[in-house]
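Asks: Pasting a predicted model and its sequence here:
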Amino acid sequence: QLQLVESGGGLVHPGGSLRLSCTGSGFTLRNENIGWFRQAPGRQREGVSCSSYDGSIYYSDSVKGRFTISRNNAKNTVYLQMNSLKPEDTAVYYCAADAAGAIQNYCNSPSRFGSWGQGTQVTVSS
């Protein structure tokens with residue numbers, strides 16, 4: 001069974017940091033294009049960052065310079081390090097796998113991904 005599990009969400013003050021993890025079961029994540037998406041209440045799911053199996057990385061303009069995506073293939077895990085968090089980063093964060101094509105295309109199109117985790121809540125508030 002293919003499964004993605006996110007962890008690492010929580011409540012943090014503005015300016016703080018969190019690291020999200022996405023671990024695969026039934027997937028070998030090093031062979032997959034992986035995306036991190038987020039969805040705030042009343043808003044559409046949006047792409048945050050993606051990492052292709054062959055080393056390309058993409059960030060949305062809203063997180064560029066603050067978030068870093070990385071992989072640990074030995075742990076079959078993809079991370080999203082989030083620094084300098086802002087209240088507008090508050091959302092449920094999801095990881096996704098099983099996408100193809102150009103990274104800037106699938107990272108802006110949630111429908112291109114075939115597998116999703118259950119999400120982890122990130123709340124940035126004072």
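Replies: Alright, I've got the coordinates. Since the model is a prediction, treat every value here as computed from it, not as a measurement.

Asks: Dig out what Leu11 forms beta bridges with.
Replies: For Leu11, the beta-bridge partners are Thr123 (DSSP bridges).

Asks: Please apply the same query to Ser51.
Replies: Taking DSSP bridges as the rule, Ser51 bridges to Ile34, Ile57.

Asks: these two touch, right, it and Asn72?
Replies: No. Using C-beta atoms under 8 Å as the test, Ser51 is too far from Asn72 to be in contact (11.7 Å). Glycine gets a C-beta too; all of them are placed from N, C-alpha and C.

Asks: which of those two has more neighbours?
Replies: Shown here are Ser51 and Asn72; by other C-beta atoms under 10 Å, Ser51 has more neighbours (23 against 13).

Asks: who touches that one in this structure?
Replies: By C-beta atoms under 8 Å, 6 or more residues apart in numbering, the contact set of Ser51 is 33-35, 57-58, 69-71, 78.

Asks: rerun at 6 Å
Replies: If a contact means C-beta atoms under 6 Å, 6 or more residues apart in numbering, then Ser51 has 34, 57, 69 as its contacts.

Asks: Equivalent analysis for Gly26, please.
Replies: So Gly26 contacts 1-3 (C-beta under 6 Å, 6+ apart).

Asks: Which residue, neighbours along the chain excluded, lies closest to it?
Replies: Leu2 (4.2 Å; C-beta to C-beta, 6 or more residues apart in numbering).

Asks: Make sure the one you found is actually in contact with Trp116.
Replies: No. Taking contacts as C-beta atoms under 6 Å, Leu2 lies outside contact range of Trp116: 10.2 Å.

Asks: So for the two, which sits in the more crowded spot?
Replies: Higher neighbour count among Leu2 and Trp116: Trp116, with 18 against 11, using other C-beta under 10 Å.

Asks: Can you tell me the closest non-neighbouring residue to that one?
Replies: Ala96 is the one closest to Trp116 (C-beta to C-beta, 6+ apart), at 5.0 Å.

Asks: That's all I had, so thanks and see you.
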